[in-house]
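Undergrad: Structure of the sequence below:
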Amino acid sequence: MKAPIGEDIEHNKAMNSVAKNVARETAGETGGVSNQAPLLIGYNLFLSDATLVKALQRSDAGWAHEQISDLGRLLGTEEVQRWGFDANEQRPVLHTHDRYGNRRDEVVFHPSWHNLMRTSVEHKLHSLPWEIEKSENIGNRKGAHVARAALLMLTAQNEAGHTCPISMTFSCIAALRAEPDLAREWEPRILSTRYDPRFAPALDKTGVLLGMGMTEKQGGSDVRANTSRAERIGASSKEYLITGHKWFISAPMCDAFLVLAQAEKGLSCFLLPRWTPSGTRNRFHIQRLKDKMGNRSNASGEVEFDQALAHLVGEEGRGVNAIIEMVNHTRLDCAIAAAALMRQGLVQAVHHARHRKAFGKLLIEQPLMRNVLADLAIESEAATLLMVRLASAFDARESDPSERAFCRIATAISKYWLCKRSPVHVGEALECLGGNGYVEESIMPRLYREAPLYSIWEGSGNVICLDVLRALARDPSTVEALVHELRSASGADRRLDSYMTQVESDLTGQIKRSSQNGGGEVEGQARRLTERLALALQALLIVRHSSAVMADAFIASRLFGDHGNVFGTLPSGVDVASILEPVQTGLESRLPS
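TA: Prediction:
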């Protein structure tokens, strides 16, 4: 039976009122945002990193504090962080031909890429140590490599892809100086702080960038298997025509490249410009860009040389010797970038944990999460200290033979270990953010994809560890310098002394076996030895420069096995609050956004 009209109207009014209240409450529940971390913007990447600030002062690089702080503040802004996202989302595009069918061979980038490049060039990431070395007005400033390492570490935290051409441009100076005439011609434009992205002859540009091309499809790391051929133009000329294929040219939009090719006397190094001295395009043909897992903002390509004009660098037949200094500097940058990714992963994880609640408490208050974060903090601190120590060896190596020998062996050790730890560290940091870390709006997927690159670039793990064995076997000064370094913290910690004694024993035993037997068994243990040497170096740096709590936790967990197989397995009794305090304090000093 139908209800009376009056009752029906009242019922509808009541139902409408309930519906409005439900809608209002639902809007508040699903339309609003709660229990989410705010954007990590408006903070200074340098001043918030106490470990890096103190290391800079210890390494005679305090004079660069203001410059590095200025860059750290800039990189913490929302605008510059956005550049990194844009440059990776809008990848470079290759144009092999123009609309008429002529070879074009140009790579076009998003404007944000150019903003990143301009910022890094203006802040001298590509030139600082060389500029100070050449200048008579700046004075005798020590610590230039450390200062530049700090600049690069901050920059790679924001967007690492564009640091590839920056790194190679920086590193090429060391190789070019084997050919003084070339150095005089190219250095002024290389050291320029004006970024000039135009595709034009180097003589017409205000600044240039250099790249590198060593590997070929049939050889990879075995560059002596290269098949590209270099034919001399004239009997006494240093100009050659190169024909061949490069499987992986880093940053093919650069103005010139150091490449390896087979000449009459064997594998040789050449400077190959994009334009010839007469102002015509060199016969440098980009076949395709690589579709890489990470490092997406940066172009990497396969290139054909069709009698491309090039200039010999160093002696014919000694190409590896000529280019090795460039390689050593780029290996330093691999270690810096790996430390940078670990620092940024840690910062993102701690920032999230300080704002996200679960089961009634902030994540940063949850005991198990605190163990994970503290473990990540220990690893990041050890990575930063090792990276700075390596950079300081680059600073001292010209005046101190012992530091030069240490630099030779420590570059390989640091590159191997930090680049191996970075992917695992970043993966754990990503998990701290849960689903929020797995989506592309977060920086974490980009860090995670980027991290494996540095173990591959400039020598994979096996190549680097064999290089460690080769240095120890062929150059006794590297052994002496390494042992001297290992003993430098003697007496500071009884457990560390015990570990160092065992490492020295392993080291001498490995060298002895290598001289007696060589080959298989010794090479098969190269990773094990390199890892132990890396941990020993990190431990002594932690003991010297970190808190007693940090040192105790590192020695117990990393050297004496009181640790599981993943992060977050620090032993009970570790003072995680003291370990996390500097990271939290740094983030609390954020500037207004």
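
Undergrad: Check Asp395 and give its pLDDT.
TA: We have a pLDDT of 96 for Asp395.

Undergrad: host element of it?
TA: helix 367-396 (DSSP states H and E).

Undergrad: Can you list the buried residues in that helix?
TA: 369-396 (16 or more other Cβ atoms under 10 Å). For the C-beta atoms, the positions are set from N, CA and C on the backbone; glycine is no exception.

Undergrad: starting at the chain centroid, how far to that helix?
TA: 14 Å (Cα atoms, centre = their mean, to the nearest Å).

Undergrad: Which elements pack onto the helix or strand that comes right after it?
TA: Sequence order places helix 401-432 as the next helix or strand after helix 367-396, per DSSP H and E. On a contact count with 3 or more Cβ pairs under 8 Å, 6 or more residues apart in numbering; DSSP states H and E, helix 401-432 meets helix 319-355, helix 367-396, helix 435-438, helix 444-450, helix 453-456, helix 461-474, helix 476-486, helix 526-545.

Undergrad: And Gln307, which helix or strand is it part of?
TA: Counting by DSSP H and E, Gln307 is part of strand 300-313.

Undergrad: now the angle between helix 319-355 and that strand, please.
TA: 140 degrees (axes from the mean of the first three to the mean of the last three Cα atoms, to 10 degrees).

Undergrad: After the helix or strand hosting Arg148, which helix or strand is next?
TA: Assessed by DSSP H and E, Arg148 sits inside helix 144-158. Per DSSP H and E, the first helix or strand lying C-terminal to helix 144-158 is helix 163-176.

Undergrad: Let me know the average pLDDT across that next one.
TA: Helix 163-176 comes out at a mean pLDDT of 96.

Undergrad: for the helix or strand just after that helix, packing partners?
TA: For helix 163-176, the following helix or strand on the C-terminal side (DSSP H and E) is helix 180-190. In terms of contacts (3+ Cβ pairs under 8 Å, 6+ apart), helix 180-190 is packed against helix 163-176.

Undergrad: tell me the angle the strand holding Gln307 makes with helix 180-190.
TA: Using the same axes, to 10 degrees: strand 300-313 against helix 180-190 is 140 degrees.

Undergrad: Find the centremost residue of the chain, please.
TA: Ala337 (1.7 Å; Cα atoms, centre = their mean).

Undergrad: So what's the residue count around Glu523?
TA: Around Glu523 there are 14 other residues, counting by other Cβ atoms under 10 Å.

Undergrad: Show the average pLDDT along the helix or strand harbouring it.
TA: According to DSSP H and E, Glu523 maps onto helix 520-524. For helix 520-524, mean pLDDT rounds to 83.

Undergrad: For it, give me every contacting residue.
TA: Leu466, Leu469, Gln510, Arg513, Ser514 (Cβ atoms under 8 Å, 6 or more residues apart in numbering).

Undergrad: Just the buried subset of those, written out for ChimeraX, thanks.
TA: Filtering the contacts of helix 520-524 down to the buried ones (16+ other Cβ under 10 Å) takes a single ChimeraX command:
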select :466,469,510,514
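
Undergrad: Kindly indicate which of the contacts of helix 520-524 lies nearest Trp113.
TA: Proximity of these to Trp113, judged by Cβ to Cβ, is greatest for Leu466, which lies at 35.7 Å.

Undergrad: What sits closest to the closest one if chain neighbours are left out?
TA: Ala526 (5.8 Å; Cβ to Cβ, 6 or more residues apart in numbering).

Undergrad: now do Gly62
TA: Gly62's closest residue in space is Leu56 (Cβ to Cβ, 6+ apart), at 6.1 Å.

Undergrad: number of nearby residues for the one you found?
TA: Leu56 has 23 nearby residues by other Cβ under 10 Å.

Undergrad: Do you have the strands of the stretch 1-150 of the chain handy? List them.
TA: 93-97, 103-108 (DSSP state E, counting those that start in this stretch).

Undergrad: So which elements touch the longest one?
TA: Right, strand 103-108. strand 93-97, strand 284-289.

Undergrad: Recalculate using a threshold of 10 Å.
TA: Applying 3 or more Cβ pairs under 10 Å, 6 or more residues apart in numbering; DSSP states H and E, one finds that strand 103-108 contacts strand 93-97, strand 284-289, strand 300-313.

Undergrad: Test my guess that the residue nearest to Leu466 contacts Ile413.
TA: No. Using Cβ atoms under 10 Å, Ala526 makes no contact with Ile413, being 11.2 Å away.

Undergrad: Next up, the contacts around the residue lying closest to Leu363 once chain neighbours are set aside.
TA: Distance criterion Cβ to Cβ, 6+ apart; nearest residue to Leu363, sequence neighbours excluded, is Ala353 at 3.8 Å. By Cβ atoms under 10 Å, 6 or more residues apart in numbering, the contact list for Ala353 reads 37, 362-366, 369-370, 372-373, 432-433, 580, 584.

Undergrad: In JSON lines: these, plus distance to Tyr43 and pLDDT.
TA: Shown next, in JSON lines, are the contacts of Ala353 (distance: Cβ to Cβ, whole Å; pLDDT from 0 to 100):
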{"residue": "Ala37", "distance to Tyr43": "13", "pLDDT": "94"}
{"residue": "Leu362", "distance to Tyr43": "19", "pLDDT": "97"}
{"residue": "Leu363", "distance to Tyr43": "19", "pLDDT": "98"}
{"residue": "Ile364", "distance to Tyr43": "17", "pLDDT": "98"}
{"residue": "Glu365", "distance to Tyr43": "22", "pLDDT": "97"}
{"residue": "Gln366", "distance to Tyr43": "24", "pLDDT": "98"}
{"residue": "Met369", "distance to Tyr43": "21", "pLDDT": "98"}
{"residue": "Arg370", "distance to Tyr43": "22", "pLDDT": "98"}
{"residue": "Val372", "distance to Tyr43": "22", "pLDDT": "98"}
{"residue": "Leu373", "distance to Tyr43": "18", "pLDDT": "98"}
{"residue": "Cys432", "distance to Tyr43": "18", "pLDDT": "98"}
{"residue": "Leu433", "distance to Tyr43": "17", "pLDDT": "98"}
{"residue": "Leu580", "distance to Tyr43": "17", "pLDDT": "98"}
{"residue": "Gln584", "distance to Tyr43": "12", "pLDDT": "96"}
